[in-house]
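Visitor: 3D model of this:
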Amino acid sequence: MSAAPDALRSRTITWADLAPDLEAMKTMSGLDYLQRLHLDRDRAPPMSRTLDFYPVGFEHGRARFEGTPAEYHYNPIGVVHGGYAATLLDSALGCAVHTVLKAGQGYTTIELKVNFTRALTAKTGPVTAEGTIINVGSRIATAEARLTDRAGKLYAHGTTTCLLFPL
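Guide: As a prediction, this is how the structure comes out:
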């Protein structure tokens, strides 16, 4: 017989209706678009609100996201689900690619590879996913990212391959 469960917890998530501005994407560079729209936490995509992580910086070929692992990210074995780390890495990787897009260009991820090096817990504290471009061609872009804590300890790293296309 298992012990009685602790008191139930709850969490409320709110978000703004956030549709991509395709007209802006046709006239703005990827970096300009990201800087204009996604550094404003009030316009954060619903996914970042759900998992409680946010962009903290964009430069040409580089993107950074920060989040703080919490109990509501836990899996059944009592650590943060690997999908949390994968999502932060995927966001940093994809946005690193987005920063190098020309006006009128779009992208989609065609491959994501993640390696986990240690478990995240609610005691880990804030973590940062930093993605950087490896190569950008006419149709394919690749990037790499690392997920670290404030002391620089590595929790996961990954790579992506993205398909580039005209909007």
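Visitor: SS state for the spatially most central residue of the chain?
Guide: In the chain, the C-alpha nearest the mean C-alpha coordinate belongs to residue 91, at 2.4 Å (Cα atoms, centre = their mean). Following DSSP: H, G, I helix; E, B strand; the rest coil, we place residue 91 in the helix state.
Visitor: In the protein, where is pLDDT below threshold?
Guide: Low-confidence regions of the chain, defined by pLDDT under 70, span residues 1-5, 39-41.
Visitor: in it, which spans are strands?
Guide: For the chain, applying DSSP state E gives strands covering 53-59, 62-67, 105-116, 127-136, 140-149, 154-166.
Visitor: Those strands into TSV, with extra columns for distance to residue 46 and mean neighbour count?
Guide: Where you see a C-beta, it was placed from the backbone N, CA and C, and this is true even at glycine. As requested, these are arranged in TSV below (distance: least, Cβ to Cβ, whole Å; neighbours: other Cβ atoms under 10 Å):
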stretch	distance to residue 46	mean neighbour count
strand 53-59	12	19
strand 62-67	15	23
strand 105-116	18	14
strand 127-136	18	20
strand 140-149	21	21
strand 154-166	21	18
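Visitor: of all those, which lies closest to residue 42?
Guide: Within the strands of the chain, the stretch nearest residue 42 is strand 53-59; the backing value is 10.9 Å (Cβ to Cβ).
Visitor: elements contacting that closest one?
Guide: Here strand 53-59 touches helix 30-37, strand 62-67, helix 82-98, going by 3 or more Cβ pairs under 8 Å, 6 or more residues apart in numbering; DSSP states H and E.
Visitor: Export that strand to CSV, keeping only CA atoms.
Guide: Extracted in CSV, the C-alpha atoms of strand 53-59 (Å, rounded to 0.1, in the frame of the first residue of the first chain):
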residue,chain,number,x,y,z
PHE,A,53,10.7,29.2,-20.5
TYR,A,54,11.4,32.4,-22.5
PRO,A,55,13.8,33.9,-25.0
VAL,A,56,16.6,36.0,-23.5
GLY,A,57,18.6,37.0,-26.5
PHE,A,58,19.0,36.8,-30.3
GLU,A,59,22.0,37.7,-32.4
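Visitor: and that strand with strand 127-136, angle?
Guide: 40 degrees (axes from the mean of the first three to the mean of the last three Cα atoms, to 10 degrees).
Visitor: Please identify the pairing partners of strand 53-59 and their relative orientation?
Guide: Next to strand 53-59 in the sheet, as set by DSSP bridges, lie strand 62-67 (antiparallel).
Visitor: Not counting the partner strand itself, show me its contacts.
Guide: Residues outside strand 62-67 that contact it (Cβ atoms under 8 Å, 6 or more residues apart in numbering) are 34, 48, 51-58, 84, 88, 91-96, 98-99, 126-133.
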